[in-house]
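>>> what's the 3D shape of this:
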Amino acid sequence: MKRILVIALVSYLAFALEFLLYNFWGQWGKPELLILAVVFFNLYLGIRFSIIAAVFCGIFKDASGVAPFGTYVLVYLAGAYMTTLVRRYLYQPGSRFSRSMVTFFVVLGCFIVQVILSNMNAGAGHARPVQLLLYILVPQLLTTMIAATFVFAQLKNISVFFALKS
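Model (predicted):
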């Protein structure tokens, strides 16, 4: 129960920080902290707790967005499962490079799922792929990759403080 409460708190804090960073610096200053939280809990505690984190993160994001409710829950659940797949084949514990690779592939995968879902909901109003890549994917990837090491270190400190790993 303590783990679930800490996951809910961390998810809410990640959501609040994303909101503040976006309002302060715009798209180029907002890393995907919610995806990083899902990835961290997968790497640190396993898939079960990553799914719980994905549900919390998705609910927080869905509650504040204009997309149909459940869209971001699905995106973050896909991210949790992608993390498991990438972790199985590419991840080496303790390596910063492998954490960066996991983050890269999960952000890319979540972006693809998000584009597919938004195009399904938009009907005839499809966005152009070049615009999506330049104005959404590039800022997401760059800022998230830059912030990943710092965010993972801080999340590890929080996890150690609350003694989440037994």
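>>> what ranges does this structure have for its helices?
In the chain, the segments counted as helices under DSSP state H are 2-25, 33-45, 47-64, 71-89, 96-122, 129-132, 138-161.
>>> ok, and what's touching the worst-scoring helix or strand of the chain on mean pLDDT?
In the chain, no helix or strand scores lower on mean pLDDT, DSSP states H and E than helix 129-132, which sits at a mean of 75. Residues outside helix 129-132 that contact it (C-beta atoms under 8 Å, 6 or more residues apart in numbering) are Val115. Bear in mind the C-beta positions are built from the backbone N, C-alpha and C, glycine included.
>>> buried ones in it?
Residues of helix 129-132 classed as buried: Leu132 (neighbour count, 16 or more other C-beta atoms under 10 Å).
>>> hey, least reliable of the helices of the chain by pLDDT?
For these, mean pLDDT drops lowest on helix 129-132, to a mean of 75.
>>> next up, the contacts around the residue positioned nearest the centre of the chain.
For the chain, the residue nearest the mean C-alpha position is Ile35 (0.6 Å; C-alpha atoms, centre = their mean). Listed by C-beta under 8 Å, 6+ apart, the contact set of Ile35 reads 57, 76, 79, 103, 106-107, 110, 144.
>>> let's see that with 10 Å instead.
When contacts are counted by C-beta atoms under 10 Å, 6 or more residues apart in numbering, Ile35 is found next to 14, 18, 54, 57, 75-76, 79-80, 82-83, 103, 106-107, 109-111, 140, 144, 148.
>>> how many residues are close by the closest residue to Phe15 other than its chain neighbours?
Leaving aside its sequence neighbours, Phe15 sits nearest to Phe60 (C-beta to C-beta, 6 or more residues apart in numbering; 4.1 Å). By other C-beta atoms under 10 Å, the residues close to Phe60 number 22.
>>> fine by me, thanks again.
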